[in-house]
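Visitor: from the sequence below, what's the structure:
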Amino acid sequence: MLIMENSEFEKKLDDLSKNLSLAPARPAPVYGETGSSRAETIKFLQDKLAGTQAEYEGLLTLKNSTINDLTNQIEAMRAHIEEVKQHYDAAREELLQEQMLQAVKLEETDKLMKDQKTNHQKEIKLLSEILERSKYEIKTLDEKNENLRRERDELKGKTRKAEMEKMDLSDRVSARENGLSESKKAVEETLGRLLEERKLHNDSKRRIKELEGKISELSGEIENAKLNWTAERKEWRELWDRERSVWETHRQEFAVWEERLRSEREAWLSRLRQEEEKGVNSAQSITKILEDTSKWSEKVTQVLKLYATKGVQLPHVFVTPEVVAKRTVSSFRRVFALGALAVMAFGVLSWWVYDYKTKVHFSLSAERTLEDSNYTSLFSEGESLFLAHWNRGLVVKNGKFENSGALETFSGQEAKISAVSCGGGFMWLLDMAQLRFLKADPKTGEIIQSYKTAGPAPQGLAYDGFNLWAFDASTGLLYKYSLNGGVQGIITYNLKGVKTVNAMQWTGEKLAVLSDGYLIRYNFKNDVFDRFSSQKLKNAVAFYFEGEKMTALEKSGSINKVVEYRVKK
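Guide: Numbers count the residues shown, from 1 in each chain. Below is the predicted model of the structure:
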């Protein structure tokens, strides 16, 4: 019942959080005839939002009170167990004292038997009748003891503590059986002794039954708690398997898209190189033709000057207006074609220079091989390197970047971290197990706050100092989460040419995105992302810029490496 209430409570909290996060933005004021009606609409929406927030706070208070009640019940149960244990210890001490008293009395009885042996012959007939009755009572007691023994065997194995307590009870029953056997001998001595032993036995049996009843109640409560925990754990496991199946499906689709995009990019680059080679060859041909034309024009000019100075008339076929006009048009067309080719060659050269200047150029500084391939993301801060491990959580390497050295577990949080970032003195983590963002302290690893993701397949994580950014593979959009003690609003953007994101980071007003092995950078102006560079990062699955250094997480087969590059100016 408690699990159902908690699940319904969590469901209602999720509905309220969705209503709050998806609440429509306040419309801009409109002046005119409908201004008053829109103001009333805005006021109604504000009142509705305030009521929803109050209901959300009431539900949180109810959940806290429920947790406090459960804590009080657990403490009461522990106190009850301690009290039962004290009762058991007192009963064990009383039985030991009774056994010692019986031993002393048996010794006294032996002495009396020796002294009164002659006197007991007269009482044999009476004692025989008493003995037969006592045998019947002893048989009844044996049957009861046998029933107690069977009940004790049934209770074995439920809990270790109950087993130890039943062992104590078994010892007590055995001691009582020994006392009864001795009582059979003592029947010949005195009937009062038999009655006293029977009374003691009945008292012990009553106490044993009371204790066994308490043990049964405790065992039932423990079994109920185990069943509740098993059911809740099964629900969480089913939820995780379902989410993981969805994620695996998306990952396979992304792999197909990645292979297709890679083949298309390689074909495009091959065609571009061929066109560049053709442009270079054409430019060389144009240069040679221009040189030949210039030489020819210079020679013709010299010949014409020579004929003009000497008064020689040129042949009609060379100097008629028709021939001159025809050759002028042909020369003009040739020069125009050469100029167009030169412009094209200049454009290709300009594009190549622009592309070279906008790309980031690296030189290898150091690298280190990691122990397995389950690392997903990283970021660096000073001389500390933080890495996200799919199974171990967050891992940190302190000290200078070296080729050897063991990594130590930084946080024991039960989360599947796929992306990390830092900013404002905090760490930001993407937990794929519960689809949430975590805000953590980098010194202690303590989780300060958590926020639910808007989409079902979040990828990458970046913090710009005020807002949290993440890409969603299911929608193909970039989400901006405005934070101020909580998610105050969500805005989506379109990144052209990006279908999946491995990592992202803000560097000033530029957003760097790693997608399918390519580092793509965008300018963010006027609320629009403008792509201005793209370059290949071989085997890279994550990166982080810090000053003139870039640290990358590279994966090749089953080998993971952390590689440090120096950024060239």
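Visitor: now the strand or helix carrying Asp530, how far from the chain's geometric center?
Guide: Per DSSP states H and E: Asp530 is located in strand 528-536. Put simply, strand 528-536 sits 30 Å off its chain's centre (C-alpha atoms, centre = their mean, to the nearest Å).
Visitor: from the contact counts, what lies against it?
Guide: Helices and strands touching strand 528-536, by 3 or more C-beta pairs under 8 Å, 6 or more residues apart in numbering; DSSP states H and E, are helix 321-358, strand 518-525. Every C-beta, even on glycine, is put in place using the N, C-alpha and C of the backbone.
Visitor: the helix or strand following that strand vs strand 518-525, what angle?
Guide: Downstream of strand 528-536, the first helix or strand assigned by DSSP H and E is strand 540-546. Relative orientation of strand 540-546 and strand 518-525, computed by axes from the mean of the first three to the mean of the last three C-alpha atoms, to 10 degrees: 50 degrees.
Visitor: neighbouring contacts of strand 540-546?
Guide: Strand 540-546 has contacts (C-beta atoms under 8 Å, 6 or more residues apart in numbering) with 376-381, 419, 502-503, 505, 507, 512, 514, 517, 519, 537, 550-555, 567.
Visitor: mind checking the SS state of Gln505?
Guide: Taken by DSSP: H, G, I helix; E, B strand; the rest coil, the conformation at Gln505 corresponds to strand.
Visitor: Asp464 is in contact with that one, correct?
Guide: No - under the criterion of C-beta atoms under 8 Å, Gln505 is not in contact with Asp464, lying 9.6 Å apart.
Visitor: name the helix or strand for Ala103, please.
Guide: helix 35-115.
Visitor: immediately after that helix, which helix or strand?
Guide: Sequence order places helix 124-155 as the next helix or strand after helix 35-115, per DSSP H and E.
Visitor: which positions within that following helix qualify as buried?
Guide: In terms of neighbour count (16 or more other C-beta atoms under 10 Å), helix 124-155 has its buried residues at Leu127, Leu131, Ser134, Ile138, Leu141, Asn145, Leu148, Arg152, Leu155.
Visitor: please apply the same query to stretch 352-371.
Guide: Using 16+ other C-beta under 10 Å as the test for burial, stretch 352-371 gives Val360, Phe362, Arg368, Leu370.
Visitor: go through the residues you listed and name the one nearest Ile208.
Guide: Among the buried residues of stretch 352-371, Leu370 lies closest to Ile208 (C-beta to C-beta), at 62.2 Å.
Visitor: before we move on, back to that, which among the buried residues of helix 124-155 gets closest to Ala54?
Guide: Closest to Ala54 out of the buried residues of helix 124-155 is Leu155 (51.5 Å), distances taken as C-beta to C-beta.
Visitor: follow-up on the earlier one: name the helices or strands packed onto the helix holding Ala103?
Guide: Secondary-structure packing of helix 35-115 (3+ C-beta pairs under 8 Å, 6+ apart): helix 2-21, helix 160-186, helix 191-310.
Visitor: following the lowest-mean-pLDDT helix or strand in the chain in sequence, what is the next regular element?
Guide: Using mean pLDDT, DSSP states H and E, strand 408-409 stands out as the lowest-scoring helix or strand of the chain, at a mean of 42. Per DSSP H and E, the first helix or strand lying C-terminal to strand 408-409 is strand 417-423.
Visitor: what packs against that next one?
Guide: For strand 417-423, the packing partners by 3+ C-beta pairs under 8 Å, 6+ apart are strand 375-381, strand 384-389, strand 393-397, strand 426-431, strand 458-463.
Visitor: other residues contacting it?
Guide: Strand 417-423 is contacted from outside by 376-379, 381, 386, 388-390, 393-394, 427-432, 442, 459-465, 470, 503, 505, 542, using C-beta under 8 Å, 6+ apart.
Visitor: just the buried residues of the residues you listed.
Guide: Buried among the contacts of strand 417-423 by 16+ other C-beta under 10 Å: 376-379, 386, 388-390, 393-394, 427-432, 442, 459-464, 470, 503, 505, 542.
Visitor: quick one: buried residues of stretch 274-285?
Guide: The neighbour-count check on stretch 274-285 (16+ other C-beta under 10 Å) flags Gly279, Ala283 as buried.
Visitor: tell me the mean pLDDT over it?
Guide: Regarding stretch 274-285, the rounded mean pLDDT is 77.
Visitor: off-centre distance for it?
Guide: The chain centroid and the centroid of stretch 274-285 are separated by 54 Å, computed with C-alpha atoms, centre = their mean.
Visitor: cool, and stretch 554-567?
Guide: Distance of stretch 554-567 from the chain centroid (C-alpha atoms, centre = their mean) equals 23 Å.
Visitor: also stretch 47-61?
Guide: Taking the mean of its C-alpha atoms, stretch 47-61 sits 29 Å from the chain's own mean (C-alpha atoms, centre = their mean).
Visitor: can you pull the contacts of Lys85?
Guide: By C-beta under 8 Å, 6+ apart, the contact list for Lys85 is empty.
Visitor: just give me the neighbour total for Met434.
Guide: For the record, residue 434 is Gln, not Met. 16 (other C-beta atoms under 10 Å).
Visitor: can you pull the pLDDT of the closest residue to it other than its chain neighbours?
Guide: Closest residue to Gln434 apart from its sequence neighbours, by C-beta to C-beta, 6 or more residues apart in numbering: Ala415 at 7.3 Å. Note for Ala415: predicted pLDDT of 74.
Visitor: Ala415 is in contact with Leu435, isn't it?
Guide: No - with contacts counted by C-beta under 8 Å, Ala415 stays clear of Leu435, the gap being 10.9 Å.
Visitor: out of the helices and strands packed on strand 417-423, nearest to Ile42?
Guide: Nearest to Ile42 among the helices and strands packed on strand 417-423 is strand 458-463; the distance by C-beta to C-beta comes to 32.4 Å.
Visitor: which helices and strands does the closest one pack with?
Guide: With contacts defined as 3+ C-beta pairs under 8 Å, 6+ apart, strand 458-463 has these neighbours: strand 417-423, strand 426-431, strand 467-472, strand 503-507, strand 510-515.
Visitor: pretty sure Glu177 contacts Glu146?
Guide: No - the criterion here is C-beta under 8 Å, and Glu177 misses it with Glu146 at 10.5 Å.
Visitor: where does the stretch 301-450 of the chain have low pLDDT?
Guide: 303-340, 342-343, 345-348, 350, 353, 398-414 (pLDDT under 70).
Visitor: how far does stretch 370-383 stretch from start to finish?
Guide: Distance between the two ends of stretch 370-383: 18 Å, counting by C-alpha to C-alpha, to the nearest Å.
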